[in-house]
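**Student:** following is a predicted model, sequence given first.
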Protein chains: 2
Amino acid sequence: MYIHQVAAYLPEQIVTNEHFTNLNGLSAEWIIERTGIRERRKASAGENTNTMAIEATRRALAQAPDFPVEEVDLIVGATYTPHDTIYTLAHAVQRDIGINDIPVVSISSACSSLLNAIEIVEGYFALGKARRAIVVVSEHNTAYNNENDTVAGHLWGDGASTLLLTKERLAPTDLRMVEVMTGGAAVAGKADEAVTLKPVERGIVMPHGRDVFTHACQYMARVTRQILERQHLTLDSLTYLIPHQANLRITKNVLQQLGLPPERAVSNIERLGNTGCAGAAIGLGDTWPLLQPGNRVVITVFGGGYSYGAMLLER
Amino acid sequence: MYIHQVAAYLPEQIVTNEHFTNLNGLSAEWIIERTGIRERRKASAGENTNTMAIEATRRALAQAPDFPVEEVDLIVGATYTPHDTIYTLAHAVQRDIGINDIPVVSISSACSSLLNAIEIVEGYFALGKARRAIVVVSEHNTAYNNENDTVAGHLWGDGASTLLLTKERLAPTDLRMVEVMTGGAAVAGKADEAVTLKPVERGIVMPHGRDVFTHACQYMARVTRQILERQHLTLDSLTYLIPHQANLRITKNVLQQLGLPPERAVSNIERLGNTGCAGAAIGLGDTWPLLQPGNRVVITVFGGGYSYGAMLLER
C-alpha cells in the first residue's frame, strides 16, 4: 500500500509558555528545558475533533487530483479526545465528503493510534474490501486538559492530519508502506494509571510521567530496531525517524539509544506541543517535501495505555 | 474465521420501569408499549466499561479450554461509553490476561461497533498477523445517561460481552463466520445530530428519535437482505435474526419488512434495555445453546452516527 498524500490542519490560536507562567508560575525556560515545547495551538470555541478532522481531510483531498473523493471506500478516524463518541470523527468526515455506504470506524490506542489505523486499512486492503482509504487523526487536547495542572497542563496542543492511502501506486511521489507493526503494552509498568483520560471523572492526567517516559524511550527504540531488522536494513539506511511528538527529551533519548544524529529526527513539538496521535502524521507532512527517491522513513509511536508501533516508508 | 465462544457480563443491579415512574412520571406500560423495555441493568459504583470488559472476557476464556490465553494474539475492544479513552477497554483486558506485545485497539461506531470489530479481526487474520482474537464489547450507558431525560433516559442499560475468534475451527460447535459487511451512513438523514454523546458538553441525547427509528429499520432490513443475496440464500434459510437491541418496535418493523415470524428474532431488550454495541453480542450468547448443526444466524446492527452492518454465521 501507499501513502499518496498527507495534510494537516492546525488551529490559528497560539498559546506560548508565558501563558503558563502567568497561570501557575512555570517559567518558559523550565518548560523548554523539560519538554522542548515553546508554543502549542488551541482550537477556537467553534472547533473540535470533528471539525479539525474535516478541515485536514479537505486539504488532503484538495492536494490530490488523482484521488477523486468518489473513489474513497474506507474511512478510519483516530482520537482519544473525542468530540462525540457516537457521531465520531470518521462519521463527520464521511458526512462532509458525502460518500455513503463505505466502512467507517473511529479508534483509540491513545497517542499510537495513527499506526493502528494504518494497520486496520492494511487489513481492509488485504481482504479486497477497500483500495482508497482516508486515515484521519485529530486531537482536541485543550477540551479535556486542565491547564492549571502544573504536572502536565502545559504539554498538550490541538491539531489534525489526514493521510490518503491507496492499494496501488498513483504517483511517483507516493510513499510505499513497506511494513507496519503495532503492539499493546498494557501489561508493562504503570500502564493502567500513568496517563489517563476518564471523561466522566476528569480530563487528561499524567500522575506517573516518569513511567511513561521510560517506557516510551524503551519501546520506540526497540520497535524501530525490530522493523529495520525484519527488513534486513541498518539504521544507516534511514533518512528520517519520526517519533511520537511527546517530549523532546524522549526523542533525544531514542536517538541516542539508536546512535542517530539529531538532524535525522523530525520534530514539531517545539511549536505544537503534544498533539497526541496527530503529532507523527503532522511530522510526516512536514517531511514530505524533503524526501527524495530511495529515501526511507520510520514512524515510531508510543501511547498511554500503553501501546506502540513502527512503520517503514520508502519513496 | 470462527466464533469459538461467547460470554456476557451483566451488572447485578436491576432498574425497573417503576424507577422512571417515580422519577418523572413515565408509566411502566407506556415505556413497555413504546420500547418493549421492562428492566435494565446498572453498573455499581466500582464498575465501568473496563471492569465489565474484563469480567466478560474472563468468563469467555473460562468456557474455552481449547483457547489458551497464551495464544491470544489480538484484542479489539468497542464502546461509545468509555471509562478511559487512553487506557481503553482493550488495554484493560490485555493487562488482565497478561499477554504483552500483541495488537490492541479500541473502536467506536456507536451501537454497530461489534461488526466493525469483527471486520477488523477479519483483516488481521487475512494479513496473517493474528489467528486467535478477543473481541470485547462493553457499554456503561448509565455513566453518561441523564435518567431524568424523559425522551431517552429510560432506554439505556449496562453490560458487556466477549467473543473468542479463531482463524481455524477449534470445535464442532464453533460458528463459521460466512461473511461480515459494515457501512457508515453518516450522509443519511440527521446522522450528525439524531443521537450523540459529547463527553465534554453532556451525555447521551437523542433529539431526533424518529430519524434514528426510520433509518435503523431501513438499514437493518436492507443489509440483512443484501448479505443473504450475496450468499445465494433466502430468508427461509435463516434460523435466527439477531438485530441491534435498541427498541422492540424496531425489531418488529424489521421482521415485518423481511416477512419473518416473531419467533425468529432474538431479543433481550425487555430485560436489558439498549446495551449499545454489547446488545447483539449478548443476544448471540443467549442463542448459542439453541443452535443446531446447519443453523444459520444473521446479526444485523445499526448505530448512531450512522453506521450499520450484517454478519452471517453458520453452525
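**Tutor:** Structure received.
**Student:** CA atoms for contacts and neighbours, from now on please.
**Tutor:** Will do.
**Student:** any idea how far residue A:229 is from residue B:268?
**Tutor:** Residue A:229 sits 51 Å away from residue B:268, going by C-alpha to C-alpha, to the nearest Å.
**Student:** same question, residue A:192
**Tutor:** 33 Å.
**Student:** of those two, which one has the most company?
**Tutor:** The neighbour count for residue A:192 versus residue B:268, taken as other C-alpha atoms under 10 Å in any protein chain shown, is higher for residue B:268 (23 against 20).
**Student:** tell me the phi and psi of that one?
**Tutor:** Dihedral pair for residue B:268: phi -130, psi 10, per degrees, to the nearest 10.
**Student:** quick check: buried residues in the helix or strand in which residue A:217 is found?
**Tutor:** Using DSSP states H and E, residue A:217 sits within helix A:209-230. Residues A:211-213, A:215-225, A:227-228 are the ones in helix A:209-230 that count as buried (16 or more other C-alpha atoms under 10 Å in any protein chain shown).
**Student:** tell me how far stretch A:191-210 lies from the chain's centre.
**Tutor:** The chain centre lies 19 Å from the centre of stretch A:191-210; the measure is C-alpha atoms, centre = their mean, to the nearest Å.
**Student:** kindly report the same for stretch A:234-253.
**Tutor:** The mean C-alpha position of stretch A:234-253 is separated from the chain mean by 14 Å, C-alpha atoms, centre = their mean.
**Student:** give me the contacts around that stretch.
**Tutor:** A:34-37, A:111-112, A:213, A:216-217, A:220, A:225, A:228, A:258, A:260, A:262, A:264-270, A:273-277, A:279-280, A:283-284, A:295-302 (C-alpha atoms under 8 Å, 6 or more residues apart in numbering or on different chains).
**Student:** and the nearest residue to residue A:38 once chain neighbours are set aside, how far from residue A:36?
**Tutor:** Of all residues not flanking residue A:38 in the chain, residue A:270 sits nearest, at 5.1 Å (C-alpha to C-alpha, 6 or more residues apart in numbering or on different chains). Distance, residue A:270 to residue A:36, by C-alpha to C-alpha: 5 Å.
**Student:** comparing those two, which residue is more hemmed in?
**Tutor:** residue A:36 (23 against 17).
**Student:** tell me how chain A divides into domains.
**Tutor:** Domain ranges of chain A: A:2-166, A:175-314, per automatic domain parsing.
**Student:** wait, residue A:209 touches residue A:196, no?
**Tutor:** No. Contact between residue A:209 and residue A:196 fails when scored by C-alpha atoms under 8 Å: they sit 11.1 Å apart.
**Student:** could you pull out the helices for the stretch 201-315 of chain A?
**Tutor:** Ranges of helices in the stretch 201-315 of chain A, per DSSP state H, counting those that start in this stretch, are A:209-230, A:248-258, A:269-272, A:279-287.
**Student:** among those helices, which comes closest to residue A:105?
**Tutor:** Ranking those by distance to residue A:105, with C-alpha to C-alpha as the measure, places helix A:279-287 first at 18.4 Å.
**Student:** for the closest one, list every residue counted as buried.
**Tutor:** Quick answer for helix A:279-287 (16+ other C-alpha under 10 Å): A:279, A:280, A:281, A:282, A:283, A:284, A:285, A:286.
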